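Below: sequence and its predicted model.
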Amino acid sequence: MKKLLVLVAVAAAAVPSLAAAAPAAVVPAAVVASVDPPSFVATPVKSFPAFDANQAVAVDAKYFYAVNNRTITKHDRRTGEPLLQFAGDLDGPFEHLDSAAVVGSKLYAVHSNYPEYPMESSIEVFDTRTMRHVGTHSFGIERGSLTWLDRHDGAWWAGFANYDNPREDGSGELYGETYNTQVVKLNDKFEVVAGWTIPKTILDRFKPMSNSGGSWGPDGRLWLTGHDLGEAYAMKLPVAGSELRWVATVDLPDVQGQGIAWDRSTAKNPTFWAISRPAKQVRSFTMPLRSIVDPVAKGWQVNGPGSFRR
């Protein structure tokens, strides 16, 4: 009997516990690991020197507009020549212009008081012909710091950014926390009618900063950028729930995040525009739109008798 007990003890020590090994066999690593969508690379088309290329770029059929904190410079998009500049006074109301979009004959620029707290945001409107300031809409204190605005499908769309950077007031509190960043849909009165979050896997790439650019592409996808990385993320609205669907990532050579713009003036050869802050350049690209395929969205089933989930 003692010999039998010894043999059992030796066998138990030599063979791993089945109970401990079972989870690895039952739950494959591929199921547990999250898989990012496919990645592609944009093809550079042109680059232009632009001394105001610090925050963003906007574009229309004939011109591009380089955005800095208090200035916006209009350039001939064929030659790159600077033509007109809106310049806000250093002690005036403009503190931090983030990005802009051309809609009709107007340039809609978003503005915030970053890095001051609490966060204040507004939309500032300019005449593209004269570069004169012609309108304003204040959000006051809203869902974060307004960083981009675009027009799509009969509505306005915008990004309210929050940050993991500490506030400058010495409180030790974070500037809104990056995970609170939101994309919103607004009506013609700039009232929020719906909102979505950005997947945390993308926000983790943005940290400690946040979503800086957004523009609807000719492919019907919303393209987003962060503050620093040379990547654009193609997104779709979800079939249900509140989180945007991440479809693909496109690498942008020699770009460091910030505000972006799709040139939608021609359906034949749409181009994507971004900036290089270190080089003070505006750059255009063609995007691999035909290579990007929307994945089948996982949703739900309606089960009948005999197939109920229990």
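Yep, it's here.

For the protein, give me the ranges with low pLDDT.
The chain contains residues with pLDDT under 70 at 1-34.

who touches the most centrally placed residue in the chain in this structure?
When C-alpha atoms, centre = their mean is applied to the chain, the residue found nearest the centroid is residue 224 (2.7 Å). Contacts for residue 224 were tallied using C-beta atoms under 8 Å, 6 or more residues apart in numbering; they are 159, 183, 198, 202, 211, 213, 214, 232, 233, 235. Using the backbone N, CA and C atoms, a C-beta is placed for each residue, glycine as well.

Return the subset of those residues lying in helices.
residue 202 (DSSP state H).

Chain neighbours aside, what residue packs nearest to residue 259?
residue 56 (2.2 Å; C-beta to C-beta, 6 or more residues apart in numbering).

which residues of the stretch 51-200 of the chain fall in helices?
Per DSSP state H, counting those that start in this stretch, the stretch 51-200 of the chain carries helices over the ranges 200-206.

so the residue nearest to residue 259 touches residue 98, yeah?
Yes. If you go by C-beta atoms under 8 Å, residue 56 and residue 98 touch, sitting 6.5 Å apart.

distance of the closest residue to residue 69 other than its chain neighbours from residue 172?
Among residues not flanking residue 69 along the chain, residue 96 sits closest, at 5.4 Å (C-beta to C-beta, 6+ apart). Going from residue 96 to residue 172 by C-beta to C-beta, to the nearest Å gives 23 Å.

Of those two, which one has the most company?
Legend: neighbour count by other C-beta atoms under 10 Å for residue 96 and residue 172, higher for residue 96 (20 against 7).

Show the contacting residues for the more buried one.
For residue 96, the contacting residues are 55, 69, 111, 112, 113, 114, by C-beta under 8 Å, 6+ apart.

Can I get those in CSV including distance to residue 78?
Output for these, formatted as CSV (distance: C-beta to C-beta, whole Å):
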residue, distance to residue 78
55, 23
69, 27
111, 29
112, 32
113, 36
114, 34
